[in-house]
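# coords below, sequence missing:
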Ligand SMILES: Nc1ncnc2c1ncn2[C@@H]1O[C@H](COP(=O)(O)OP(=O)(O)OP(=O)(O)O)[C@@H](O)[C@H]1O
Ligand SMILES: [Mg+2]
């Protein structure tokens, strides 16, 4: 579904991605792992056209390089950045509704379905989003990204800074996505979670892909884990 080939990315003169190639198939969860600064967020931004880049990004066979981020969203490619960009003064429900596409046909994720998945959000539906806990804000960000009914979603570090119970919720959220046939490119720091949830994984180092394989292969590749993941 998503095929990234020889992607290079630049912040001004600094050349950060060096020929990154990866793909995500229909219904797959693919983990993108690596240490801080290895280039995972930049890969996501380059796919979404948010940083200067060269290379090929094919989404359902169509070239996305040069397209606007909102055009990609409309074609079913979703993105949840590292920062939780909710609107703090709007209520939970107003934040969710903002994700709706104009003239949207009924998608996979109605408000009711999202509330059924996360009763905590329903309980807070009329609360200003800025008053939610960090975990609730993250669930809100994730849920909002579904209102537009993406077929593939790139999620950047959804569990960062969250308490263990909330990490479990995020895991359930990802499992639900998979059950409904949504593909995920998951950028994640927590190796155990990533290995448990993903069908395949990539490890990045210094702006390049240094490993590609199944979770089982990565569990066995202790040299790769030591060199590129463990601190
Ligand atoms: N806006 C920016 N301007 C200049 N350099 C940047 C910018 N953002 C990131 N970089 C640099 O690009 C490299 C890759 O950063 P990136 O954010 O992609 O890493 P990451 O793997 O997502 O790690 P983490 O999220 O833990 O920081 C790093 O060396 C970083 O310092
Ligand atoms: Mg990052």
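The structure has been received and is ready for your questions. A quick note: this is a predicted structure, and the numbers were derived from the prediction, not measured. Numbers count the residues shown, from 1 in each chain. Ligands and ions are numbered 1, 2, ... in the order given.
# give the contact list for the residue positioned nearest the centre of the chain.
Nearest to the geometric centre of the chain sits residue 155, at 1.1 Å (C-alpha atoms, centre = their mean). The contact partners of residue 155, taken as C-beta atoms under 8 Å, 6 or more residues apart in numbering, are 80, 142, 145, 174, 184, 185, 186, 187. Quick note: C-beta positions are derived from backbone N, CA and C, even for glycine.
# please repeat the previous calculation with a cut-off of 7 Å.
80, 184, 186, 187 (C-beta atoms under 7 Å, 6 or more residues apart in numbering).
# make a ChimeraX selection of the buried ones in those.
Buried residues within those, by 16 or more other C-beta atoms under 10 Å, are selected in ChimeraX with:
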select :80,184,186,187
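# I'd like to know which of the contacts of residue 155 is nearest to residue 24.
Set against residue 24, the nearest of these by C-beta to C-beta is residue 184 (7.7 Å).
# helix or strand for the closest one, which one?
According to DSSP states H and E, residue 184 maps onto strand 183-187.
# columns pLDDT and distance to residue 2 on top of the contacts of residue 155, output as CSV?
Output for those, formatted as CSV (pLDDT from 0 to 100; distance: C-beta to C-beta, whole Å):
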residue, pLDDT, distance to residue 2
80, 93, 15
184, 97, 10
186, 98, 13
187, 97, 14
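# look at residue 165 and say how many residues are nearby.
Number of residues near residue 165 (other C-beta atoms under 10 Å) recorded here: 8.
# pretty sure it belongs to a helix, no?
Yes. The assignment for residue 165 (DSSP: H, G, I helix; E, B strand; the rest coil) places it in a helix.
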